[in-house]
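Peer 1: Sequence below, structure please.
(one chain, ligands or ions: 2)
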Amino acid sequence: IINKKHKEDKKKIKIKNVEVGGDALVVFAGPCAVENRQQIMETAEAVKTFGGQILRGGAFKPRTSPYSFQGLGEEGLKLLKEAGEKYDMPIVSEVMDTREVEMVCQYVDIIQIGSRNMQNFSLLREIGKIKKPIMLKRGMAASIEEWLMAAEYIASEGNEEIILCERGIRTFETYTRNTLDLSVVPLVRQLSSLPIIVDPSHGTGIKELIAPMSLASIAAGAHGIMVEIHPKPQHALSDGKQSLHFEEFNHLMKSVRRLHEYL
Ligand code: PEP
Ligand code: MN
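Peer 2: Numbering: from 1, shown residues only. Ligands and ions are numbered 1, 2, ... in the order given. This is a model prediction of the structure:
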């Protein structure tokens with residue numbers, strides 16, 4: 001549906017006052033996980049102040065170990081919504097389970113499907129029935145065909161408001177958490193009508209690589225980027241090593257804007 005039929009007809013996705021897929025570059029930023037009110041409020045303020053458009057924050061976290069922090073659940077969504085409203089930004093958060101789709105929809109503006117669930121077909125069909133934009137992250141071992149077909153599952157149920165997000169894939173390399181595959185950006189733009197953003201935080205796992213990979217993503221034609229930021233990255237309950245401090249985010253935003261204006 002979305003991939004073959006109207007690939008010339010580029011899809012623009014409106015989320016409140018933000019448009020993803022047009023000429024403007026959209027920056028999604030926020031903590032890996034919502035941890036408490038102060039953390040998410042301070043972070044939302046920083047996202048807004050330094051020019052980000054969409055606030056991210058995990059409430060249901062797909063952690064490798066079941067003993068690691070799993071997120072605050074519905075309480076986290078309430079705090080994220082409060083922060084989004086206070087700073088007038090749409091919010092995005094991940095849903096991992098079909099049984100929670102309805103509840104999560106009551107809070108968020110964009111539903112995130114994480115890498116680990118990219119081919120959870122029952123979840124894809126479920127969110128295909130709702131009327132909210134979806135951000136579909138690439139599976140960590142998914143080919144482009146599999147990723148686009150996952151989007152197709154969502155669209156086949158009626159929801160064509162899908163933003164693709166490249167977040168790196170598993171390779172033999174161990175210096176980085178994942179191998180960020182930026183060649184997909186121009187390729188997906190050629191193959192599909194859907195907007196594509198890049199997540200250099202999960203894509204590299206290393207905060208020093210976020211700025212250069214953000215710029216490379218934009219140069220490659222990404223419609224936006226998603227970065228993890230935290231008031232105290234060294235104390236973050238998840239993904240601190242790949243999270244920018246606010247001043248680093250400010251610096252990133254300045255160079256991102258400069259590059260985007262130049263292009
Ligand atoms: C995230 O963005 O919070 C996340 C868990 O990412 P991924 O699904 O890409 O690992
Ligand atoms: Mn994370």
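Peer 1: so residue 158 sits right up against residue 126, yeah?
Peer 2: No. Between residue 158 and residue 126 there is no contact under C-beta atoms under 8 Å: 11.8 Å. In this view, the C-beta of every residue, glycine as well, is placed from N, C-alpha and C.
Peer 1: out of the two, which sits in the more crowded spot?
Peer 2: A direct count of neighbours by other C-beta atoms under 10 Å for residue 158 and residue 126 places residue 126 higher, at 20 against 11.
Peer 1: ok, that one touching residue 102?
Peer 2: No. Contact criterion C-beta under 8 Å: residue 126 and residue 102 do not qualify, at 9.2 Å.
Peer 1: which residues of the protein score low on pLDDT?
Peer 2: Scanning the chain for pLDDT under 70 picks out the ranges 1-8.
Peer 1: Residue in it with the shortest distance to ligand 2?
Peer 2: In the chain, the residue that lies nearest ligand 2 is residue 32 (3.2 Å; C-beta to the ion).
Peer 1: Which residues are in contact with the nearest residue to that residue once chain neighbours are set aside?
Peer 2: Spatial nearest neighbour of residue 32, excluding adjacent residues (C-beta to C-beta, 6 or more residues apart in numbering): residue 239 at 3.8 Å. Contact analysis of residue 239 by C-beta atoms under 8 Å, 6 or more residues apart in numbering lists 32-33, 201-202, 228.
Peer 1: repeat that with 10 Å
Peer 2: Residue 239 makes contacts with 31-33, 58, 61, 177, 201-202, 205, 207, 228, 230, 233, as judged by C-beta atoms under 10 Å, 6 or more residues apart in numbering.
Peer 1: same check, this time on residue 249
Peer 2: Residue 249 neighbours (C-beta under 10 Å, 6+ apart): 27, 29, 43, 46-47, 49-52, 210-211, 227-230, 243.
Peer 1: Right, I'll call it a day here.
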